[in-house]
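1. okay, here's the prediction I keep looking at, along with the sequence it came from:
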Amino acid sequence: QVKLVESGGGLVQPGGSLRLSCAASGFTFSSSSMSWYRQAPGKEREFVARITAPGGSTNYAESVKGRFTISRDNAKNTLYLQMNSLRPEDTAVYYCTAVPPPSYRLYWGQGTQVTVSS
């Protein structure tokens, strides 16, 4: 069955960096577009970044463009989100998602907390 496990969250000061990971299993990772979403307290879940398969094209929310980088390692079945120049407004639970063929059903991980605070 599809399983997505995020890790790498934590507490970081404004201006700092974190790298999130999402370990995937139960499907052909290299064939699935993957995304990161986040949900801040009291707010709706929002799109952060996407990387397609197999081409690896990326797109980002305007709020993170130039600061965050999404990438994937198909050999390790792992998705990454490198987050630099973090701001307090980046505080949220971060989720990875997969839409593997042939069903293209959307799967979610359990999330990892990122807190940006001094």
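-> In hand now; what should we look at?

2. as a check, name the ranges of all helices in the protein.
-> With DSSP state H, there are no helices along the chain.

3. against Tyr95, how distant is Arg45?
-> Arg45 sits 7 Å away from Tyr95, taking Cβ to Cβ, to the nearest Å as the criterion. Placement of C-beta: from N, CA and C, glycine included.

4. hey, what's the residue most central in space within the chain bridged with?
-> Taking Cα atoms, centre = their mean, the centroid of the chain lies closest to Trp36, which sits 2.9 Å from it. Under DSSP bridges, the beta-bridge partners of Trp36 are Ala49, Cys96.

5. contacts only, for it.
-> Contacts for Trp36 were tallied using Cβ atoms under 8 Å, 6 or more residues apart in numbering; they are 20, 22, 48-50, 70, 79, 81, 94-97.

6. returning to that earlier point: looking at Arg45 and Tyr95, which one has more neighbours?
-> Tyr95 (21 against 14; other Cβ atoms under 10 Å).

7. just the pLDDT for that one.
-> What the model reports as pLDDT for Tyr95 is 98.

8. wait, doesn't it sit right on Leu106?
-> No - here Tyr95 does not reach Leu106: they are 10.9 Å apart, not a contact under Cβ atoms under 8 Å.

9. ok, which stretches of this structure are strands?
-> 3-7, 10-12, 18-25, 33-39, 46-51, 58-60, 68-73, 78-83, 92-99, 107-108, 112-116 (DSSP state E).

10. the third one to strand 78-83, inter-axis angle?
-> The reference is to strand 18-25. Here strand 18-25 runs at an angle of 170 degrees relative to strand 78-83 (axes from the mean of the first three to the mean of the last three Cα atoms, to 10 degrees).

11. can you list contacts of strand 18-25?
-> 2-10, 12, 32, 34, 36, 77-83, 86, 94, 96, 98, 109, 112, 114.

12. report the angle between that strand and strand 92-99.
-> Using the same axes, to 10 degrees: strand 18-25 against strand 92-99 is 30 degrees.

13. can you state the direction angle for strand 18-25 and strand 3-7?
-> 160 degrees.

14. can you tell me how far the nearest residue to Arg50 once chain neighbours are set aside is from Ser21?
-> Distances taken as Cβ to Cβ, 6 or more residues apart in numbering put Ser35 closest to Arg50, at 4.3 Å, once the chain neighbours are dropped. Distance from Ser35 to Ser21, counting by Cβ to Cβ: 14 Å.
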